[in-house]
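> output the structure for:
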Amino acid sequence: MFSKLKKLLYFPGAYYFRFFAKIRLSFWKPRIIVVTGSSGKTTLLNLIESQIGNRARYTHHGNSSYGIPFNILGFKRTNLTADEWIFLFLFAPFKLFSKLPEEKLYVVEADCDRPNEGKFLATLLKPEVTLWTNSTRTHSMNFDSLVKSGKFKTVEEAISHQFGYFLEHTSKLVMVNGDSEIIKKELPRTKAKIVSVAIKDLANYKVSLSGTEFKTREKTFKLKYLLPMENFYSLEMCLGLLSYLEISEDESFGKFILPPGRSSLFDGIKKTKIVDSSYNANLDSMTVVLDMFDKIPSGNKWTILGDMLEQGKSEKEEHEKLAGIIAKMKLERIILMGPRVSEYTYPRLKKLLGDKAKIEKFLIPKEVLDYLKLNLKGNELLLFKGARFLEGVVENLLLDKSNSKYLCRREKVWQKRRRDWGL
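The predicted structure follows:
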């Protein structure tokens, strides 16, 4: 009942904040750059910030129909608790009288979690530039009804159509993943200049525990973080944006900081190494991170994988596909956590790999933590990817506990939920 009411009131509430945000935006008049796509948005935003710095304002921690208006109005949510909403509703009108930002560039990360969100945000922002990384099955359950009604043939089409609103309302330049057929279908909706980025322009890719190297036809870029090969699209879009804005590039990307929960590397207990990619999970992001992990030169690799949420009618299919991806990897141990990977991924993996493969399944994160503490011998390379509070497991395995501040979901509401799960 509560979830249905929340869904019903989502856009009416969002329009309240949008009303004041639109007025404030009309006073401010920044050049707006939208970063969008099913995954990789935050990494691209951070790549851009590492180059442009304080010449622009950025929508960190807010990419939705609420988060973006909040950012425009200058609200900063810290706890994500219910009592914050009273303050937000009461003070929104008064934010019109606060000092306007001095930055003339506004880099906005924008998502499309549900029908009409793309249109809602695109018509508010009306960007000068849009950078679209990819379009895949994310939050699919919210789009199933559009397929059932016959408005779209597939969930993928319904999702890409929402992202396409940003193209439709972009005035000058769109840069897109040129290898995505579903994105290509949306390109006729824009009157802006189109620049496509293709993986064929990547001459070489290397990843190791010391960082990632992308080699183009002209230059080699070495970044100190673990990045999937598909981040080449983001790198090229960042460089293309700099050229468009006539801003010189720092080839070292020395100021780049990887967002929390996106393949961050930590020292763990018992001389283990932890790759923490626990922020989110859909089949696309799972695929690229698992591929990256497989390419890292190291022995004794373990994967700890959680459910992929909000997949709707695609849930069984997506989790079974995940098994096929895992089965191709060289892994010492596979640990699955959650009802979906247990029901769909586990039996498929057992069928593909046989009884000799070391595959474990659990339902809750505390069980995973207890298993790891008991079975880790030392020097394992551990990958965490998926839902259901895997970041809480990572936190308990850190060698230096102060590094917990670099993990995702640090707000009070998430801390309480992790405690409720025994973490």
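
> can you give me the helices for the stretch 1-150 of the chain?
Under the criterion DSSP state H, counting those that start in this stretch, the stretch 1-150 of the chain contains helices at 2-28, 41-52, 67-73, 84-91, 117-125, 144-148.

> nearest to residue 207, of those helices?
helix 41-52 (14.3 Å; CB to CB). C-beta: built from backbone N, CA, C; applies to glycine.

> got the CA positions of that closest one in PDB?
Extracted in PDB, the C-alpha atoms of helix 41-52 (Å, rounded to 0.1, in the frame of the first residue of the first chain):
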ATOM      1  CA  LYS A  41      27.300   8.200 -15.400                       C
ATOM      2  CA  THR A  42      29.000   9.000 -12.200                       C
ATOM      3  CA  THR A  43      32.400   7.900 -13.400                       C
ATOM      4  CA  LEU A  44      32.000  10.200 -16.500                       C
ATOM      5  CA  LEU A  45      30.900  13.100 -14.200                       C
ATOM      6  CA  ASN A  46      34.000  12.600 -12.100                       C
ATOM      7  CA  LEU A  47      36.200  12.400 -15.200                       C
ATOM      8  CA  ILE A  48      34.800  15.800 -16.300                       C
ATOM      9  CA  GLU A  49      35.200  17.300 -12.900                       C
ATOM     10  CA  SER A  50      38.900  16.200 -12.800                       C
ATOM     11  CA  GLN A  51      39.400  18.300 -15.900                       C
ATOM     12  CA  ILE A  52      37.100  21.300 -15.500                       C
END
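
> pLDDT (mean, whole number) over it?
Across helix 41-52, pLDDT averages out at 96.

> and that helix, what does it pack onto?
strand 31-36, strand 56-58, strand 105-110, helix 231-245 (3 or more CB pairs under 8 Å, 6 or more residues apart in numbering; DSSP states H and E).

> next, format those as TSV and append mean pLDDT and mean neighbour count.
Below are those laid out as TSV (pLDDT from 0 to 100; neighbours: other CB atoms under 10 Å):
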stretch	mean pLDDT	mean neighbour count
strand 31-36	98	25
strand 56-58	97	20
strand 105-110	98	25
helix 231-245	97	21
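
> buried residues in the regular element (helix or strand) spanning residue 395?
Element membership for residue 395 (DSSP states H and E) is helix 390-397. By neighbour count with 16 or more other CB atoms under 10 Å, helix 390-397 contains the buried residues 390, 391, 392, 393, 394, 395, 396, 397.

> next: stretch 118-131.
Of the residues in stretch 118-131, 118, 119, 120, 121, 122, 124, 125, 127, 128, 129, 130, 131 count as buried by neighbour count, 16+ other CB under 10 Å.

> span of it from start to end?
14 Å (CA to CA, to the nearest Å).

> tell me where the stretch 301-423 of the chain has helices.
Using DSSP H, counting those that start in this stretch, helices in the stretch 301-423 of the chain cover 315-327, 339-340, 346-353, 365-375, 390-397, 412-420.

> now the angle between helix 365-375 and the last one, please.
Angle of helix 412-420 versus helix 365-375, following axes from the mean of the first three to the mean of the last three CA atoms, to 10 degrees, is 60 degrees.

> one step back: from the helices of the stretch 301-423 of the chain, which stretch is densest packed?
Comparing these by mean neighbour count (mean count of other CB atoms under 10 Å), helix 390-397 ranks first with a mean of 24.

> packing partners of that one?
Contacts defined by 3+ CB pairs under 8 Å, 6+ apart place helix 390-397 against strand 273-277, strand 301-306, helix 365-375, strand 381-385.

> any stretches of the protein with poor pLDDT?
1-6, 79-80 (pLDDT under 70).

> output the buried residues of stretch 118-131 in a markdown table; the columns should cover distance to residue 141.
A markdown table is the format used below for those (distance: CB to CB, whole Å):
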| residue | distance to residue 141 |
| --- | --- |
| 118 | 17 |
| 119 | 20 |
| 120 | 19 |
| 121 | 20 |
| 122 | 23 |
| 124 | 25 |
| 125 | 26 |
| 127 | 28 |
| 128 | 33 |
| 129 | 31 |
| 130 | 26 |
| 131 | 27 |
